[in-house]
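Q: okay, here's the prediction I keep looking at, along with the sequence it came from:
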Amino acid sequence: MKILVIGGAGYIGSHVARYFADRGHSIDVADNLSTGSEINLFPDYGFFKGDILDYPWLLEVMKQGGYDALVHLAAAKAAGESMLKPEKYSLQNLAGTINIINAAAEAGIRNIVFSSSAAIYGEPKYLPIDELHPCEPENYYGFTKLKIEEILRWFDKLKGMKFAALRYFNAAGYDPAGVVHGLEKNPANLIPVIMEVAAGMRPELGVFGTDYPTRDGSGVRDYIHVTDLAIAHLKALEYLVEKKESIAVNLGSEQGLSVLEILERARSITGKPIPAVITGRRPGDPATLIASSAKAKELLGWEARYSDIDTLLTTTWNAYQRSMEEKA
């Protein structure tokens, strides 16, 4: 298939694009490189630099490409920032995605794999969270992802455009083969922040709360390896093409790792002290978030294979070490 990966130079998108290409698909990447990196682009890709807010550019790319499908991973994604800068998230996530959907409709692209988020669920009413869980996002980022899913449902109904909404939990890790290794710019998630401390790029890690009702008092999250996500994207696209019906599925490891567990294991793997300072809880942070991925297993034959703590941390540390060596 010929596939347009929008946001394909970014952290998750670069792994998705490489995985697709390695399995014989023809890949073009569209990215404005605001958070993506040219190091994540490969000679066997076509590349279009531009912004999803530029509708004429987007439409021209899609019309000329003759694409069988597109994968949409271009979004602002910091939940905390979305509460301070809703204007940015309205433009990038809502207006930008509406441009993508409208252009795809006009260009005749009928299969879309969409990077959604577990943030659409909000505070867990029960665990593990499955797809029937109420959708009550607690941050504006989650709200934008939920609204996009609703828009996609309408375009399915009105235009026959099929979509797979992949509701990620906490994406982490790097390509185990080391082919994709460009570091994420300005990461806000726990594991890359830990690695930045280990690499001397930050002075210390902030641990937000150790008084939760969890096994060690720190927050517990479901971490999913980015290679597992890449595999799921391809399986989801194959499902759309074969079944011709839209789906929304969770992607998680179904295992919870605590902040302190990850910190201690990272100290062991990196051999670095990784200083940490315990501060108060952040508003809106639930104690535990764990996914049920039973629907993805049932429909896609997918389950996490790379999402154990050692693979998550080792592959990330390898990418950071390589970056340090290249800069030395």
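A: Now that the structure is in, tell me what you want to look at. Since we're looking at a predicted model, the values are computed, not measured. Residues are numbered from 1 along each chain as shown.

Q: D222: how many residues sit nearby?
A: Counted with other C-beta atoms under 10 Å, residues neighbouring D222 total 27. For glycine as for every other residue, the C-beta is placed from the backbone atoms N, C-alpha and C.

Q: that one is in contact with P286, isn't it?
A: No. Contact criterion C-beta atoms under 8 Å: D222 and P286 do not qualify, at 11.6 Å.

Q: helices of the protein, start to end?
A: Assigned by DSSP state H, the helices in the chain fall at 11-22, 55-65, 79-84, 86-89, 96-107, 140-159, 190-198, 226-243, 259-270, 294-300, 309-327.

Q: of all the ones you listed, which one is nearest Y45?
A: helix 11-22 (6.6 Å; C-beta to C-beta).

Q: got the angle for that closest one vs helix 190-198?
A: With axes from the mean of the first three to the mean of the last three C-alpha atoms, to 10 degrees defining the directions, helix 11-22 sits at 110 degrees from helix 190-198.

Q: how about D222, phi and psi?
A: phi -100, psi 110 (degrees, to the nearest 10).

Q: what is the burial count for the residue lying closest to D51 once chain neighbours are set aside?
A: Using C-beta to C-beta, 6 or more residues apart in numbering and skipping the chain neighbours, the partner closest in space to D51 is N32 (4.5 Å). Neighbour count for N32, taken as other C-beta under 10 Å: 18.

Q: same thing with E196?
A: E196 has 17 neighbouring residues, counting by other C-beta under 10 Å.

Q: and it, how close does it get to S90?
A: Distance from E196 to S90, counting by C-beta to C-beta, to the nearest Å: 29 Å.

Q: buried ones in stretch 48-63?
A: Across stretch 48-63, burial judged by 16 or more other C-beta atoms under 10 Å covers F48, G50, D51, I52, Y55, W57, L58, L59, V61, M62.

Q: tell me the contacts of the residue nearest to the second one when sequence neighbours are not counted?
A: Nearest non-adjacent residue to G50, counting by C-beta to C-beta, 6+ apart: W57, 4.4 Å away. Residues near W57 by C-beta atoms under 8 Å, 6 or more residues apart in numbering: F48, G50, D51.

Q: quick one: F155 and A105 touch, right?
A: Yes. With contact defined as C-beta under 8 Å, F155 reaches A105; the gap is 6.5 Å.

Q: which neighbours do the two have in common?
A: With contacts taken as C-beta under 8 Å, 6+ apart, F155 and A105 have M161 as neighbours in common.

Q: against which helices or strands is the helix-or-strand element of the chain with minimal mean pLDDT packed?
A: Taking mean pLDDT, DSSP states H and E as the measure, the chain has helix 79-84 as its least confident helix or strand, at a mean of 90. In terms of contacts (3 or more C-beta pairs under 8 Å, 6 or more residues apart in numbering; DSSP states H and E), helix 79-84 is packed against helix 86-89, helix 140-159.

Q: and the first one, which residues are buried?
A: So that's helix 86-89. Along helix 86-89, these residues count as buried under the neighbour rule (16+ other C-beta under 10 Å): P86, Y89.

Q: what residue spans form the domains of this structure?
A: 2-173+223-251, 190-221+255-291+306-327 (automatic domain parsing).

Q: of those, give the one that comes closest to L299.
A: Closest to L299 of the domains of the chain is domain 2-173+223-251 (C-beta to C-beta; 6.0 Å).
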